[in-house]
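Undergrad: Let me see the structure of the following:
(one chain, ligands or ions: 1)
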Amino acid sequence: MTKYQILIRQSLSNTTLASKLYARVNIIESGAVTYSNSNTVTLARPHLIPIAVSLLLLIVFLLHGPIGQLDHYHDFADQRSLGGIPHAMDVWSNVGFAIVGTLGLAVCWMGRRQLGARTAGYTIFFAAMLMTAFGSSWYHIAPDNSRLVWDRLPIAVACAGIMSAAWAEFVNSKQARFALPWLLLGACLSVAWWHVTELTGMGDLRPYLWLQALPLITVPLLLWKSPKRPARAGAWTIAILCYVLAKGFELADHAIFDLLHLISGHTFKHLFATLAAWAIYWRLQQLVSTDTSYEPVTQHKLSMISKAH
Ligand SMILES: [Zn+2]
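TA: Modelled structure (predicted):
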């Protein structure tokens with residue numbers, strides 16, 4: 001039995017001390033430790049598998065060669081105008097991004113003390129949602145490659161923000177804050193790479209696709225490696241499911257419009273991506289309203305607690 005296991009066992013016999021200890025290390029929610037019925041604590045490394053899988057996908061992309069944009073990408077199913085606005089449904093369905101982005105930014109600002117080092121990732125994510133509302137509307141009014149840059153850029157920035165937010169929640173908030181500028185740089189470069197290669201006649205979406213895949217790989221694996229906790233898993237799980245559905249709807253744009261005649265797959269994509277952002281907003285509210293001392297536990301922190309008692 002390690003000194004940490006002894007410490008927890010001793011602490012559990014004292015209710016007050018145990019509650020202090022739980023509040024401090026936030027055992028169940030941290031994802032950095034697991035707690036079993038035998039009153040033992042096991043330090044885990046929940047981030048190694050997501051990193052390995054992400055690098056594996058990167059290697060696959062590198063070996064695959066350039067991935068170009070789908071033919072007729074700008075030819076959306078729903079071409080109807082409304083109130084003088086072309087492709088009205090694909091334009092108006094961006095309103096939700098503006099609302100959730102604004103509300104999220106407000107909560108980030110008001111809850112910055114509780115969020116601490118996690119503030120940056122969430123702030124970037126919700127700022128990107130707000131920018132997506134404008135960028136996507138600008139693009140859908142008159143879809144072409146030059147306008148698509150302003151649609152893809154905020155989406156890439158949102159991926160960087162959500163990666164940082166997820167890392168802060170499940171692994172380490174200081175690492176997440178340190179990584180954020182690099183993720184943002186990668187996000188901008190991924191869109192720039194696509195745009196420049198597109199101009200040369202051989203567009204390559206690999207960096208952009210890889211960046212978009214990162215949250216889809218990382219968050220489920222971190223959820224899987226972390227102790228099960230509905231309050232934690234619920235919002236993130238809904239967000240990932242909604243985003244996966246959104247990507248599916250995007251691919252089925254014409255098929256869904258042919259079936260329903262009222263709403264297209266791309267409009268559904270906007271709506272489900274908005275729902276994913278709402279789930280993250282829900283999680284943010286949970287953190288701000290219930291969490292006053294959260295920080296994923298680390299070996300160093302356990303050692304500090306050990307010394308303190
Ligand atoms: Zn769109």
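
Undergrad: okay, CA-based contacts and neighbour counts for the rest of this
TA: Fine.

Undergrad: Quick check: chain neighbours aside, which residue is closest to the most centrally placed residue in the chain?
TA: The residue lying closest to the centre of the chain (C-alpha atoms, centre = their mean) is Ile162, at 3.0 Å. Spatially, and ignoring its direct neighbours in sequence, Ile162 is nearest to Phe125 (5.7 Å; C-alpha to C-alpha, 6 or more residues apart in numbering).

Undergrad: pretty sure the one you found is in a helix, no?
TA: Yes - assessed by DSSP: H, G, I helix; E, B strand; the rest coil, Phe125 belongs to a helix.

Undergrad: separation between it and Phe268?
TA: Separation of Phe125 from Phe268 (C-alpha to C-alpha, to the nearest Å): 21 Å.

Undergrad: Check Val95 too.
TA: Relative to Phe268, and taking C-alpha to C-alpha, Val95 is found at 13 Å.

Undergrad: Kindly report the same for Pro220.
TA: Counting by C-alpha to C-alpha, the gap from Pro220 to Phe268 is 23 Å.

Undergrad: of these two, who's got more company?
TA: Taking neighbours as other C-alpha atoms under 10 Å, Pro220 and Phe268 compare with Phe268 leading, 23 against 17.

Undergrad: What segments of the chain are strands?
TA: 33-35, 41-43 (DSSP state E).

Undergrad: weakest of the ones you listed in terms of mean pLDDT?
TA: Note on those: lowest mean pLDDT is at strand 41-43, with a mean of 41.

Undergrad: Would you mind confirming that Ala187 is in contact with Val157?
TA: Yes - taking contacts as C-alpha atoms under 8 Å, Ala187 lies within contact range of Val157: 5.6 Å.

Undergrad: the helices in the stretch 51-200 of the chain, which residues?
TA: Along the stretch 51-200 of the chain, the segments classed as helices by DSSP state H, counting those that start in this stretch run 88-92, 95-110, 112-115, 119-141, 145-170, 173-199.

Undergrad: between those, which gets nearest to Ala279?
TA: helix 95-110 (9.9 Å; C-alpha to C-alpha).

Undergrad: The closest one packs against which elements?
TA: helix 119-141, helix 265-290 (3 or more C-alpha pairs under 8 Å, 6 or more residues apart in numbering; DSSP states H and E).
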